[in-house]
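1. here is a sequence together with a model predicted from it:
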Amino acid sequence: MIDIQKQRDYRNIPIDKVGIKELRYPIKVLDKCNGLQSTVARINMYVDLPHQAKGTHMSRFVEMLHTFRSQVSLESLTYILEDMKKTLEAQSSHIEITFPYFVEKLSPVTGSHGLMDYTCSIMGSSRSPDKSRDLMVRVGVPITSVCPCSKEISEFGAHNQRGEVLVSTRFKKFIWIEDIIDLVEEAASCDVFSVLKREDEKYVTEHAYQNPKFVEDVVRDVAKVLMEDENITWFSVSAENFESIHNHSAYAYIEKDRLSVNKT
């Protein structure tokens, strides 16, 4: 049969990224407590396309992914990236895997069991001929924050809201998703739970009130710990509060690489 993708293109325009997007696929990821965790990911896979090639072979992306579906890790990601370049005769490859990651969490007073879900991403790129690779992990963590200004100026009470912190990291050695989650929750006014009894709700409300945080405080507290970690070569951290008394969000962002950290 005629292979249209293999025919020559005469417009002389290379394509930076071509491939598949938003593929839903079952995967298994490393779990600090249980070894492996099954989840369902949304996956984007791309390669570059030279100017003379008319198209790429889209079905081959799924075929390659099927080979590695038993476990997705930073190690397997490097093999997938190299296999993409080899199979599709490309100079660069890119993959983005986003998935819900579940952690069993006990409520703070009654110890009630619940599952918290965190949106995580593993992203990688590889480029030839030097075979340079870039791997990054991103974790989204919901938090609770109480406004320090509101607490200071109010005779009673203070406005509080749910927020989200996004932490992206590049590193020398493997880093656990759970460790990033713990770091962020420690920096919040209080962390978020899926199950709360009355005694738990009282604790969460009072604990957050006694620990007010601006978005600026949250990103600085997270950044301070990451800057002191020699394993981290680059990071970004953002905090967004979905304000309860405004029709807009409060936002803060910090980005550092190891070179700038060492100069600080």
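-> Thanks, I have it.
2. my guess is residue 212 is in a helix, correct?
-> No: inclusion of residue 212 in a helix is not indicated when DSSP: H, G, I helix; E, B strand; the rest coil is applied; the result is coil.
3. next, give phi and psi for it.
-> The phi and psi values for residue 212, taken as degrees, to the nearest 10, are phi -70, psi 140.
4. name the nearest residue to it, sequence neighbours excluded.
-> For residue 212, ignoring the flanking residues on the chain, the nearest one in space by C-beta to C-beta, 6 or more residues apart in numbering is residue 148 at 3.9 Å. C-beta coordinates here come from the backbone N, C-alpha and C atoms, glycine included.
5. same question for residue 253.
-> Among residues not flanking residue 253 along the chain, residue 238 sits closest, at 4.4 Å (C-beta to C-beta, 6+ apart).
6. now residue 200
-> Closest to residue 200 by C-beta to C-beta, 6+ apart is residue 107, at 4.1 Å.
7. may I have the residues that are in contact with that neighbour?
-> Residue 107 sits next to 114, 193, 195-197, 200 when contact means C-beta atoms under 8 Å, 6 or more residues apart in numbering.
8. any of those residues buried? List them.
-> Neighbour-count burial (16 or more other C-beta atoms under 10 Å) applied to the contacts of residue 107 gives 193, 196, 200.
9. I figured residue 46 hits residue 23, correct?
-> No: Residue 46 is not in contact with residue 23 according to C-beta atoms under 8 Å; the separation is 11.8 Å.
10. who's more crowded, those two?
-> Higher neighbour count among residue 46 and residue 23: residue 46, with 23 against 15, using other C-beta atoms under 10 Å.
11. any idea how far the more buried one lies from residue 11?
-> According to C-beta to C-beta, to the nearest Å, residue 46 and residue 11 sit 20 Å apart.
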